[in-house]
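> here is the input, now give the coordinates:
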Amino acid sequence: MIKRVILNNGLLNIGWRAFIVLAGIVVFIGNVLASTVNAATPALKSDSSMMDGAVIRAQLIAKKQTVISAGITGKLEIVTGRAGDTVNAGNTLILFDCRSISAANDMAAAKVAGAKARYDSSVKLLQFNSVGPLEVDVLKAELDMAQAELKANQAELRHCDIKAPYKSLITKRYVHPHQFVNRGEPLLELYSPEELELHLVVPSHWLEWISLGAPFQFKVDETQQQFQGTVSRIGGAVDPVSQTVELFGTLNSNKPNNSQSIVLLPGMSGTAQFQRNQQ
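Predicted structure coming up:
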């Protein structure tokens, strides 16, 4: 009986010791978590004070950009410019070796001339009943076919000399002179450096306070320069999954706030900051 009481007292002491140890561990963990939260709170308040307005990521894109592709199959004679070169509107970018197409065009023009002479002669003969109306109609159809063939050759000739559609900056060059290319093959990629805009994807609830003409400040990551801009377009639909909408903005000037000249390129990104109280 005495042994059983001693055993029970020993177990009771062990239980209390375990309880005290566990309580100490809980208190320690609580203190650690509290200190972590307290340390993080000032940082959150600091971020909040820095973001008095709404801040979102934005990217520069070109309003005018295109990929020049081959309209015909043939050999390249001239390929103007390389990546980074600027070309003026109307300048030749690509020149094909079109001697065979030019010869085919001359042949089609000769066919038109012959078909027209035969048709005109048949019309005169029809007045004297020397030919029947059917023969005149057949010759007229032959003339139409020859003219259509000539137009097709002239259309191909227009693809021989590819000119810049507007003042452009070449970003990619896929081919070289004397290279043989197929119809539809990409040749050059270019864009207009004079017309850039910002592309933003913002939460759809921003539509409550943002509108066309809303001002913002854009900071470029690559250069750390800041620009002023305004919202120029709002996307036509809200993405129901992400609950976002597209915005497009125009920079008021190609010079940053400090008036230093700088080159802006498509693909540059940064942050756009809006002030809600400027609504």
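
> bridged to residue 173, which residues?
residue 188 (DSSP bridges).

> my guess is residue 136 meets residue 127, correct?
No: between residue 136 and residue 127 there is no contact under Cβ atoms under 8 Å: 10.5 Å. Every residue, glycine included, has its C-beta placed from N, CA and C.

> what about those two, which has more around it?
Shown here are residue 136 and residue 127; by other Cβ atoms under 10 Å, residue 136 has more neighbours (17 against 8).

> residues contacting that one?
Residues near residue 136 by Cβ atoms under 8 Å, 6 or more residues apart in numbering: 119, 122-123, 126.

> and whichever strand or helix holds it, average pLDDT?
According to DSSP states H and E, residue 136 maps onto helix 133-158. Mean per-residue pLDDT for helix 133-158: 95.

> now do it: distance to the chain's middle.
43 Å (Cα atoms, centre = their mean, to the nearest Å).

> contacting residues for residue 71?
156, 158-159, 162, 183.

> which among those residues gets closest to residue 204?
residue 162 (42.5 Å; Cβ to Cβ).

> what helix or strand is the closest one located in?
strand 161-163.

> for residue 121, same thing?
Here residue 121 sits within helix 99-127, counting by DSSP H and E.

> the helix holding residue 136 to helix 99-127, inter-axis angle?
160 degrees (axes from the mean of the first three to the mean of the last three Cα atoms, to 10 degrees).

> was I right to think residue 201 contacts residue 238?
No: using Cβ under 8 Å, residue 201 is not in contact with residue 238, being 10.9 Å away.

> what's the neighbour count on the nearest residue to residue 86 once chain neighbours are set aside?
Distances taken as Cβ to Cβ, 6 or more residues apart in numbering place residue 169 nearest to residue 86, at 5.3 Å, with adjacent residues excluded. Residues lying near residue 169 (other Cβ under 10 Å) number 19.

> same check on the one 3 residues further on?
Other residues near residue 172 come to 12 when the count uses other Cβ under 10 Å.

> nearest spatial neighbour of it, skipping sequence neighbours?
residue 189 (3.9 Å).

> which ones are touching the one you found?
65-68, 170-174.

> name the nearest of these relative to residue 265.
When the contacts of residue 189 are compared against residue 265 (criterion: Cβ to Cβ), the nearest one is residue 171, at 9.1 Å.

> thought that closest one was touching residue 83?
Yes: counting by Cβ under 8 Å, residue 83 is a contact partner of residue 171 at 6.0 Å.

> which one's more surrounded, these two?
Neighbours were counted for residue 171 and for residue 83 using other Cβ under 10 Å; residue 171 has more, 18 against 12.

> now do the more buried one, the pLDDT please.
Checking the pLDDT column for residue 171, the value is 95.

> now do the contacts for it.
Residue 171 touches 83, 189-191, 266, counting by Cβ under 8 Å, 6+ apart.

> mind checking which of those land in strands?
Mapping those onto strands (DSSP state E) picks out 189-191.

> for the residue lying closest to residue 72 once chain neighbours are set aside, grab phi and psi.
Nearest non-adjacent residue to residue 72, counting by Cβ to Cβ, 6+ apart: residue 159, 4.6 Å away. Residue 159 adopts backbone torsions of phi -80, psi -10, taken as degrees, to the nearest 10.

> I'd like the distance between residue 159 and residue 117.
The spacing between residue 159 and residue 117, counted by Cβ to Cβ, to the nearest Å, is 30 Å.

> so these two - more neighbours on which side?
Shown here are residue 159 and residue 117; by other Cβ under 10 Å, residue 159 has more neighbours (18 against 12).

> wait, that one sits on residue 68?
No: Residue 159 lies out of contact with residue 68 (Cβ under 8 Å); the separation is 10.8 Å.

> pull the number of nearby residues for residue 202.
Using other Cβ under 10 Å, residue 202 has 21 neighbouring residues.

> which positions in the helix or strand harbouring it come out as buried?
For residue 202, the enclosing helix or strand under DSSP H and E is strand 196-203. Judged by neighbour count (16 or more other Cβ atoms under 10 Å), strand 196-203 contains these buried residues: 196-200, 202.
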